[in-house]
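**Q** just coords:
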């Protein structure tokens, strides 16, 4: 599948993190988008999501006020800075708090090494601060790291080839696996093990992630209805799309559509 045009990536990132009250006008500012490198940076006046997880590292930096983060049943309040590891289930509440968000597709060791050097330690998949005078500096340093380095490409070429094939071909899972194993010369079990080791999620879940991108493109750019989008993007039906959408992006497709903001 071809890369989605930049504007659709902007919408995708907006949807991954946001559940707005439709009665209010909460602007979003787009700062930085690099599809190939998997870097997305933007600002929200307020940010409220349902519980969700996604295969990107998320950095939240409060501009003014404080926000709350819920993960593993625990609510951490009065935060000014947080790093949420990829595939960590979480919920963000930032009423009356404007925030900067940086989302990074990190599939090699460079970002982890940076965190280690900064002595950033994760507990239950998150690093949080309620009082952090160096938060703006750290946010900028992480952003500069993403610009100067390729954090997205896995070190194993077989996994890189697998991701490229998934993104460029629309195949059902049962048909995808034989194609992948043939392409990278690995058994089903070995490929599955390596893929999860490098990407953090299974091939099946990554396929859902990829389909969601296509669904967002169809739903928001062409104003198609949910039933049509579900079938066109490879989901069984509208309910399947809706459930996947909420689990990964933290908001329902209908809420996303009603809340969309184009820059």
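**A** Everything's here; your move. As the structure is a prediction and not an experimental result, all values here were calculated from the model.
**Q** can you give me the helices in the stretch 51-200 of the chain?
**A** Taking DSSP state H, counting those that start in this stretch, the helices of the stretch 51-200 of the chain run over residues 110-117, 135-148, 157-168, 173-184, 188-199.
**Q** among the ones you listed, which comes closest to residue 126?
**A** helix 110-117 (12.1 Å; CB to CB). Every residue, glycine included, has its C-beta placed from N, CA and C.
**Q** where does the stretch 151-263 of the chain have low pLDDT?
**A** Along the stretch 151-263 of the chain, the model assigns pLDDT under 70 to residues 216-224, 231-234, 236-237, 240, 244-263.
**Q** mind redoing it with 90?
**A** Counting by pLDDT under 90, the stretch 151-263 of the chain has low-confidence residues at 167-172, 205-263.
**Q** then the stretch 1-150 of the chain?
**A** Scanning the stretch 1-150 of the chain for pLDDT under 90 picks out the ranges 1-56, 72-73, 94-96, 101, 103, 105.
**Q** circling back: columns distance to residue 88 and mean neighbour count on top of the helices of the stretch 51-200 of the chain, output as a markdown table?
**A** Converted to a markdown table, those look like this (distance: least, CB to CB, whole Å; neighbours: other CB atoms under 10 Å):
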| stretch | distance to residue 88 | mean neighbour count |
| --- | --- | --- |
| helix 110-117 | 14 | 15 |
| helix 135-148 | 17 | 16 |
| helix 157-168 | 21 | 17 |
| helix 173-184 | 24 | 14 |
| helix 188-199 | 14 | 16 |
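**Q** got those helices as CSV, with distance to residue 206 columns?
**A** Putting the helices of the stretch 51-200 of the chain into CSV (distance: least, CB to CB, whole Å) gives the following:
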stretch, distance to residue 206
helix 110-117, 19
helix 135-148, 21
helix 157-168, 6
helix 173-184, 10
helix 188-199, 6
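**Q** many thanks, we can stop here.
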